[in-house]
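Undergrad: here's a sequence, model it:
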Amino acid sequence: MSEIKVVIEGSGKHCHVTRETLDKLYGKGFELEVKKWLSQPGQFATPHKLTVTGPKGKAELSIIGPCRKYDQIELSFTDARALGFDPPVRESGDLKGSPGCTLTGPAGETAIPEGVIVAKRHIHLTPEDAEKFGLKDKQLVQVRVDGERALIFDEVVARVSPEYATYMHVDYDEINAAALFGGDVTGTVLPLRNRTLD
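TA: Numbering: from 1, shown residues only. Okay, the predicted model is just below:
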């Protein structure tokens, strides 16, 4: 079998909000504007920001659109520690038991009881690419990157959906650890048997 290559993208600190939270923080009926379309279909960066307040400080985070069914703050461990959070490493939407925080926008403020996480490293896959690569949804794999700071990312979860485009996402702590700078950066997927996300 030929090597399985995937493009790796860095994901900076950001937040997702519900329609209700957006109404509270930006005013009822406010609509998110598209600043830049992202690699995942329908997802976009916006010019809008929120202030996140943690036990030790505050930070401005960009909002990613469109609105979701849950409020979620995604930080690297470096970001989280600077703000005084001790967040779990989780898949998107798996928020039970995660820290809460206060969110402030131009029209108001609200406290969310949970939602601060460090995103688990993952690969978005189309069903076609998953079949071609021999990967299944929730399968755990390793991804090898080469270069001056070559390493293997372990515990990478494959996420398969017809709503996805095939890209791997890691946070900027991980980007820096592997010196994944400049242009399109790829990694080699190393499938592992009988390992799935519980």
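
Undergrad: residues of stretch 29-41 that come out buried?
TA: 30, 32, 38, 40 (16 or more other C-beta atoms under 10 Å). (Each C-beta comes from the backbone N, C-alpha and C, glycine too.)

Undergrad: just the terminal-to-terminal distance for that stretch.
TA: 24 Å (C-alpha to C-alpha, to the nearest Å).

Undergrad: is Lys24 within a helix or a strand, and which one?
TA: helix 19-26 (DSSP states H and E).

Undergrad: beyond that helix, next helix or strand please.
TA: strand 36-37.

Undergrad: kindly list the longest strand within the chain.
TA: In the chain, assigned by DSSP state E, the strand with the most residues is strand 185-196.

Undergrad: not counting its neighbours along the chain, what's nearest the residue nearest the centre of the chain?
TA: For the chain, the residue nearest the mean C-alpha position is Ala119 (5.1 Å; C-alpha atoms, centre = their mean). In space, and not counting its chain neighbours, Ala119 is closest to Glu74: 4.9 Å by C-beta to C-beta, 6 or more residues apart in numbering.

Undergrad: OK, contacts around the one you found?
TA: Residues in contact with Glu74 (C-beta atoms under 8 Å, 6 or more residues apart in numbering) are 11, 13-16, 92, 117-119, 171.

Undergrad: hmm, try it at 10 Å
TA: 11-16, 61, 64, 80, 87, 90, 92, 115-119, 169, 171 (C-beta atoms under 10 Å, 6 or more residues apart in numbering).

Undergrad: any idea what it is bridged to?
TA: His14, Ile117 (DSSP bridges).

Undergrad: mind checking pLDDT for it?
TA: Residue-level confidence at Glu74 comes out at 98, pLDDT.

Undergrad: and it, how far from Ser2?
TA: 33 Å (C-beta to C-beta, to the nearest Å).

Undergrad: coming back round to it: what mean pLDDT does the helix holding Lys24 have?
TA: 98.

Undergrad: contacting residues around that helix?
TA: 15, 17-18, 28-32, 48, 50-51, 63, 65-71, 103-110, 112, 115.

Undergrad: so among those, which ones count as buried?
TA: Buried among these by 16+ other C-beta under 10 Å: 15, 17, 30, 32, 48, 50-51, 63, 65-68, 70-71, 103-105, 110, 112, 115.
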